[in-house]
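A.B. asks: this one's sequence-less:
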Ligand code: AMP
């Protein structure tokens with residue numbers, strides 16, 4: 001089963017994708033994570049993407065399409081029961097390319113799960129979030145603190161990181177990019193009849209439950 005987890009930055013796509021990896025053995029394909037890894041490694045794509053990402057704008061369609069296409073050909077993805085696209089596609093051109101790409105690889109999209117969230121909540125959600133540097137578990141200054149301050153619940157790690165683009169100014173441009181370039185994709189997928197909306201403002205566990213129900217209905 002291949003799905004897109006869709007929604008603005010801060011909607012909870014990454015958190016929910018990680019849960020679905022565990023519950024369904026699906027593989028999360030986050031173009032944001034892949035681009036951050038490319039920036040860190042200093043690859044050609046990473047060099048091109050760095051400044052654009054820091055400004056909260058979108059990197060070129062060509063770059064993300066290439067990294068997704070390459071990733072889909074890797075052995076672990078081929079062997080998995082399906083993938084979760086997270087943060088991709090983000091433009092109509094990317095969605096059209098994705099259709100072609102899946103077709104040529106003998107794959108298909110089963111559903112687009114839209115996390116419906118209130119715009120006002122997003123800035124607070126994003127600017128307060130951080131992750132364990134060792135295992136990647138996500139936390140939030142207000143909404144999800146570790147049980148013992150400064151110690152990761154999952155792995156005991158004591159170092160935490162924040163994304164360079166999770167500051168208020170960049171978040172505002174990321175939200176503008178979402179509304180201008182990405183939200184029109186909902187109509188694109190509505191026309192294919194594969195959109196399923198869930199209430200992304202609910203508690204994290206409740207959102208997971210809603211998504212699991214959607215996936216059960218698609219299976
Ligand atoms: P994310 O982790 O999904 O919030 O993405 C972080 C940043 O990476 C975005 O603000 C964009 O600059 C870039 N990015 C990630 N995915 C895409 C995409 N599909 N198309 C264009 N830019 C992307």
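C.D. replies: Done, it's in. Note that this is a predicted model, so its numbers are computed, not measured. Numbers count the residues shown, from 1 in each chain.
A.B. asks: from here on, contacts and neighbour counts on C-alpha atoms
C.D. replies: Noted.
A.B. asks: Buried residues, stretch 33-50. List them.
C.D. replies: Neighbour-count burial for stretch 33-50 flags 34-36, 38-39, 45-46, 48-50 (criterion: 16 or more other Cα atoms under 10 Å).
A.B. asks: right, is stretch 134-141 up against the ligand?
C.D. replies: No - Stretch 134-141 lies out of reach of the ligand by Cα under 6 Å from any ligand atom, never closer than 13.1 Å.
A.B. asks: Contacts for that stretch next, please.
C.D. replies: Stretch 134-141 is contacted from outside by 15, 125, 128-132, 145-146, 152, 154-155, 157, 159-160, using Cα atoms under 8 Å, 6 or more residues apart in numbering.
A.B. asks: List buried residues within the residues you listed.
C.D. replies: When the contacts of stretch 134-141 are checked for burial by 16+ other Cα under 10 Å, the buried set is 125, 128-132, 145-146, 152, 157, 160.
A.B. asks: quick one on the thing from earlier: go through the contacts of stretch 134-141 and flag which are in strands.
C.D. replies: 129-132, 160 (DSSP state E).
A.B. asks: can you redo the residues you listed as a markdown table with distance to residue 141?
C.D. replies: Converted to a markdown table, those look like this (distance: Cα to Cα, whole Å):
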| residue | distance to residue 141 |
| --- | --- |
| 129 | 6 |
| 130 | 8 |
| 131 | 11 |
| 132 | 13 |
| 160 | 12 |
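A.B. asks: Centroid-nearest residue for this structure?
C.D. replies: Nearest to the mean C-alpha position of the chain, by Cα atoms, centre = their mean, lies residue 86 at 3.0 Å.
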